[in-house]
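In: here are the coordinates; sequence isn't available:
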């Protein structure tokens, strides 16, 4: 049946060191559209193709990293239901009022075992993609920079990986699509979870510290767009972590790079579709290189250590 | 939450005029893998990337066309539940036993208002995609022909379009993603419905006759694969209906062509992802050309008339 | 050795019915850069990637079509030498002074047997591609519309096909890469000629009338850029003749469309490289459809009849 | 005019450590076609799309590296003429008889200042690309592995860079397309030279030792083919040096990897066309990273040190 429950990643709220420099980066290089600024100084962005008011929010802070990652749910009744299930699962939840984030309805906010703050919401103002709903053209021609399709997912690093995985599976009905194991052959190093047919809507890597961001990811339409993104990053002297390359996990063709504050971002294309009748894929420690970087078949030093 | 209910199109059973010629076409040109033949002479195929035993079945008959279109559902409990809902909706259902189709579990079979026979099932033998579930490579290198990713959807022509639409919406929880209107500005000429984030899992066009097939569609990985498919079709002197081109509806980049029996097939790539918070898109009669063939912005004569 | 003699197509001078409408089309839709207007009202354009001042020139007239097609030659000495060879071949030549066309040196102007006016020149002001010659970025990010790489070639229709072919072969040392034959199996319907490793720098089709333009062609970087061009044409309601599709001759992946005056243009990508040790390719009458439109394997009615 | 003089790189003769392992690599992974073995044990290969008998030859030796790099010239008269010019330039030449290399005519063999052995020849047996010259299909469908279009160029490391550059410019009429400078801002670190419209037909890097091979390069049709090549290399556990990425010099999109003997190979797509009226591009020492690896904008350690 059509999607219910948790629909998709809805917003990432990210800390930046210099607000205007970051606004320039996110509009000129990433090609996001600024859609508002609130009283507390947060700046809101959406991609051209997204309909909702915002999917990426930045605020100035003294340290980089991610404040929270939000998911959109089907409707207010779902929000209530999922809040109830969180509580049954022993998770303390907090409600934020509508308007607390610009053009966003009530949010249910909670901390997950890896230490991250996650939010759920049902409503955001529908700004539209500029194309309308009657006889629309196929893409919006007036854009800048990389111009991704949508904010797609995040990869979060934290301590109690198993706890976060169980929460997403048991409370929200996410499915495990892939996992990578540690050297002991049993403990998860990384888990990839979906609430849709995407190969992942969120993913976690076990890490000594809680509440760390590996990357926020944006979807591109094709491998050629990944090359275009890499060229644009180079022209703008953006620090590239790795890529263009392909992930063994999810098959996505990707490039990892850093925003001016050192937050890692990803722009990727492709990846297979996941259905619940698929058997999860497992990567053993000896092949974790290929799992993450399929061509090099080895991790770079930054993958396990550079987070914000 | 992860997918529930009806998951995806599962199999198309298509009538062909010459069995061995069609087997050659579907294996050599389409690059499907033959996975079995049953006692009644049906030949079963899957794509390399699919895990289930079969998604495309042909049988020799005196007329071309489609016998039935099947959807996979989450599990046996879902099958029972949906059979119950069909009956509540006034639809007579019939159960076919496991094994009646090779390597397929019990099927619930029913006729929809447009005259088509639709089936639901929960189980097919999992043959796999040849890559395994531990440290898998990203694609299977030993293939022929067009080698699509999966059987993706069908476009069916029939009489009571509104009845079929309502059935999929009300019984199965499909969402309407797009519609094209007739000249009166109110009556649907075409409706596109999804049970996932695909822009459509099934679609219908209003037609004077019931139970007609416009096309069975297979997914490709990229626009370059669409060119490759067109080249392969040309090399094999396959009759091309139209393309490469793009659809305004769904944005898919496509090529329509005919199998040796005159059944229309599609191989396409791309298309946007649909979520239930998206407003359906409407195409008015004056723009139905662009809806179907976005570049030419007009229908070709065959679109509304050539069906099997 | 490096290229000598005639280097490449240098400029097409085309007649348009409405100047400002055409300027808008060539800048907004085609993405050419206007580089000047001369006293006689001609408007000059270049692509972003081209270095020379102009490669495409339009002037208002009462009929569409092409005034002349110019080739750049290596240097002034080559210009003199080739003018001499033309005269030996019995061709009357005329010199136009430097500046007669904006930012263009002296031109040798002559009529070829198919009735077309061809020009040769050695100098155009080097405006550059905006990237410089020291540590350049790889492409110029500030563009509009289709944004082709260069004006690439033209396909000209005329009467004495053999005469024009012989002139290019004998006077300028062009090589025949491909030909298509008429029904008699001997007479050329079409010939494709190169002065480089391009599959063609100019081509001719036999036609009842002299001095007709089939199309002026612009190169794109990839098949994905051909799709992008088709989308942009659709958004701008430009009349598409055919495509996206592929040519059997040259292998180029293409789309043919019409400017507001009815002049046919092409944007294409790919095609093989030709070397003089390659045997020319011949297409027989029964396969001329595949020669021109490889996927449909048949000509559309417009190919042989719609010219300006 | 059409190409004269030196036409293109014709063959690379490369030393391998294990002959059958290398034959398997070059046929199964690279997708070259073995076309012969001679009495001295050399194995000859061509790509499917090439017409000549061979473009890549291997022989078993105790050290990896390249024996010689051969160029095809227009005809026997050109061979004689260029041999004469070599002698005028003070270069000792040697003639090898027809048949000394399989299906290859007489060769003029000489050493260039960087220490490399270069050959010129006019004739190789034309085996064809399997498609014929009458109504040919556009590509040969029966292939394996990476299946490149042609052997395209080599990058050679050696001592007297200026001497080799001058030889190619003065004797053969090659043009310098790009250069990268050493820290002193004057001395060439690298030079790129063309005898056609390719951004380079051969290139040199200054190196402490003479007669070293950086890579032999094969052309692919598109950036998507570069991803496909990278996937195939990974599946076959081939050691990848770097890529997919893009070169600032030539704009080629590339992947560098090592054959089983440690010889570096490249498969690349794209790159601009060079004409003699283009100003050479210069890269300064501070930007040599971007010149070679445009995305990372820095050299990897292997670029200047790992050669065979």
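Out: Here it is on my side, so go on. Treat the numbers as computed from the prediction; the structure is a model and nothing was measured. Residues are numbered from 1 along each chain as shown, chains lettered A, B, ... in the order given.

In: the strand ranked longest in chain A close to chain B?
Out: Scanning chain A for the strand with the most residues, using DSSP state E, yields strand A:6-16. Yes. Residues of strand A:6-16 are located near chain B by C-beta under 8 Å from any C-beta of the partner chain, namely A:6, A:7, A:8. For glycine as for every other residue, the C-beta is placed from the backbone atoms N, C-alpha and C.

In: any idea which of these is closest to residue A:142?
Out: residue A:8 (25.4 Å; C-beta to C-beta).

In: run through who's touching stretch A:124-131.
Out: A:10, A:35, A:46, A:48-54, A:72, A:103-105, A:137-140, A:142, B:277, B:279 (C-beta atoms under 8 Å, 6 or more residues apart in numbering or on different chains).

In: about what we covered before: what about the longest strand of chain A, distance to the chain center?
Out: 6 Å (C-alpha atoms, centre = their mean, to the nearest Å).

In: so what strands line up beside that strand?
Out: Sheet pairing here is set by DSSP bridges, and for strand A:6-16 it gives strand A:56-60 (parallel), strand A:65-73 (antiparallel).

In: number of nearby residues for the residue nearest to residue A:65 when sequence neighbours are not counted?
Out: Spatial nearest neighbour of residue A:65, chain neighbours left out: residue A:308 (4.2 Å); criterion: C-beta to C-beta, 6 or more residues apart in numbering or on different chains. The tally of other residues near residue A:308 (other C-beta atoms under 10 Å in any protein chain shown) stands at 19.

In: just to revisit the earlier point, turn the strands paired with strand A:6-16 into a markdown table, including mean pLDDT and mean neighbour count.
Out: Compiled in a markdown table, the strands paired with strand A:6-16 are given as follows (pLDDT from 0 to 100; neighbours: other C-beta atoms under 10 Å in any protein chain shown):
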| stretch | mean pLDDT | mean neighbour count |
| --- | --- | --- |
| strand A:56-60 | 98 | 21 |
| strand A:65-73 | 98 | 22 |
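
In: which residues touch residue A:19?
Out: Counting by C-beta under 8 Å, 6+ apart, residue A:19 has contacts A:41, A:43, A:58, A:59, A:60.

In: what do you get if the cut-off is 6 Å, keeping everything else the same?
Out: Residues near residue A:19 by C-beta atoms under 6 Å, 6 or more residues apart in numbering or on different chains: residue A:60.

In: quick one: residue A:19 from residue A:277, how far?
Out: 46 Å (C-beta to C-beta, to the nearest Å).

In: that older thread, would TSV of the strands paired with strand A:6-16 with distance to residue C:208 be doable?
Out: Shown next, in TSV, are those (distance: least, C-beta to C-beta, whole Å):
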stretch	distance to residue C:208
strand A:56-60	62
strand A:65-73	64
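
In: count the neighbours of whichever residue of the stretch 1-150 of chain A sits closest to chain D for me.
Out: Scanning the stretch 1-150 of chain A for the residue nearest chain D gives residue A:146, at 13.3 Å (criterion: C-beta to the nearest C-beta). Residues lying near residue A:146 (other C-beta under 10 Å) number 27.

In: wait, what's in contact with it?
Out: A:30, A:31, A:229, A:232, A:267.

In: which SS state does residue A:21 fall under?
Out: When classified by DSSP: H, G, I helix; E, B strand; the rest coil, residue A:21 comes out as helix.

In: does it really touch residue A:260, like I thought?
Out: Yes. The criterion here is C-beta atoms under 6 Å, and residue A:21 meets it with residue A:260 at 5.2 Å.

In: these two: which has the busier surroundings?
Out: Using other C-beta under 10 Å as the criterion, residue A:21 and residue A:260 rank with residue A:260 on top: 17 against 13.

In: residue in the stretch 201-308 of chain A nearest to chain B?
Out: residue A:287 (4.2 Å).

In: just so I have it, where are all the strands in the stretch 201-308 of chain A?
Out: Counting by DSSP state E, counting those that start in this stretch, residue ranges of the strands within the stretch 201-308 of chain A are A:202-206, A:212-219, A:240-246, A:253-258, A:264-269, A:281-283.

In: so the residue lying closest to residue A:106 once chain neighbours are set aside, which state does it fall into?
Out: Counting by C-beta to C-beta, 6+ apart, the nearest residue to residue A:106 once its immediate chain neighbours are dropped is residue A:98, at 5.2 Å. Per three-state DSSP, the local secondary structure of residue A:98 is coil.
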